[in-house]
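S.K.: structure for this input, please:
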Amino acid sequence: MIMITGGSGQLSSLVAQKAAVAGLPFVTGSSTVSDGAPDRRRIDFDDPATLDFSGVSTLFLVSAGYAEDDVVMARHENAIAAAEAQGVKHLIYTSLSATGDHLAFALAHRWTERRLKQSGLSWTVLRNGLYAELIGTLAAPVDGVIRAPFGSALISPVAREDLAEAAITVLTAPEQHADTVYELAGKGSWSIADLAGRVGIPYAPAALETTRQSLSSMPLLPFQPPMLMSIYAAAAAGFLESRSTDLGKLLQTAPRDTLALAAAAIRSGT
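M.R.: As a prediction, this is how the structure comes out:
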């Protein structure tokens, strides 16, 4: 049986939907489960006593990355240790693409990859690129102008649904993907200027300092502004472009048009 963690998250929900269509036996794990449904378990990475992986042969571990690094690493340690102790055979981890090494949230991902490789488990690492939908959201215009400081370099975001479909390929036959790292970037690269042209909105990126000051007035958690600023800075410096073809190896159809997805995200918010 498969367990898909992060059951209420966008990626986890997509993976669960596609697993159901594929007829894969699975349960979801989420810290918000309270109704005792047989296909859901309460799994709270902050509370090791809730980490019940009984009957689970393949654990799909969606990164619990929405916190400070020490918290995320502790959560992932709890999950991997419980998987080792309870007889899980294969662990699939959703990590961050290599192009993301300059991002402020890369550390916990790389730590988890190392911990997983040192475990006694069979493993697969899905190094997911940044979502095209996220890039569209971050590029939302202000007063009719896109001011997010992405610079002019190319980026290679990926469709969330493509990542879910790639995950299903691995979940269907995990033994065929044992001890493998996949770099999952979208097909083709484009700039925010290209995105602005697609939606017909001017692009006039602000300075990083100006953007940082604007974030300081928003109701964000302390670790969030550095994460966002690192995305902008890494993109502007040309570090978010990838030429990996791994995504195509795991999909049954052609990868989705990420520029169109990012444009749709902008239009939905304007």
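S.K.: specify the beta-bridge partners of the spatially most central residue of the chain.
M.R.: Per CA atoms, centre = their mean, the C-alpha nearest to the average position across the chain is that of Asn128, at 5.5 Å. In this structure, Asn128 bridges to Leu96, Leu184 when assessed by DSSP bridges.
S.K.: all strands of the stretch 151-270 of the chain, in order?
M.R.: If you assign secondary structure with DSSP state E, counting those that start in this stretch, the strands in the stretch 151-270 of the chain sit at 180-184.
S.K.: so the residue nearest to the centre of the chain is in contact with Leu163, correct?
M.R.: Yes: assessed by CB atoms under 8 Å, Asn128 is found in contact with Leu163 at 5.2 Å. In this view, the C-beta of every residue, glycine as well, is placed from N, C-alpha and C.
S.K.: mind listing the shared neighbours of those two?
M.R.: Shared contacts of Asn128 and Leu163, defined by CB atoms under 8 Å, 6 or more residues apart in numbering, comprise 11, 94, 184.
S.K.: per-residue confidence for the second one?
M.R.: Read that as Thr94. Per-residue pLDDT puts Thr94 at 98.
S.K.: got it, and the first one?
M.R.: According to the prediction, Leu11 has pLDDT 95.
S.K.: residues in contact with it?
M.R.: 62, 94, 128, 160, 163-164.
S.K.: how about these in a markdown table, adding distance to Ile201?
M.R.: Compiled in a markdown table, these are given as follows (distance: CB to CB, whole Å):
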| residue | distance to Ile201 |
| --- | --- |
| Val62 | 33 |
| Thr94 | 32 |
| Asn128 | 27 |
| Arg160 | 23 |
| Leu163 | 27 |
| Ala164 | 29 |
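S.K.: and those residues, which two are furthest apart?
M.R.: Pairwise distances among the contacts of Leu11 were taken by CB to CB; the largest, 12.0 Å, belongs to Val62 and Arg160.
S.K.: more neighbours: these two, which one.
M.R.: Higher neighbour count among Val62 and Arg160: Val62, with 21 against 18, using other CB atoms under 10 Å.
S.K.: and the more buried one, how far from Ala164?
M.R.: Using CB to CB, to the nearest Å, one obtains 11 Å as the distance from Val62 to Ala164.
S.K.: also Ala132?
M.R.: For Ala132 relative to Ala164 (CB to CB), the value is 13 Å.
S.K.: which one's more surrounded, these two?
M.R.: Between Ala132 and Ala164, counting by other CB under 10 Å, Ala132 is the more crowded of the two (29 against 19).
S.K.: what residues are up against that one?
M.R.: Taking CB under 8 Å, 6+ apart as the definition of contact, the neighbours of Ala132 are 157-160, 186, 256, 258-259, 261-262, 265.
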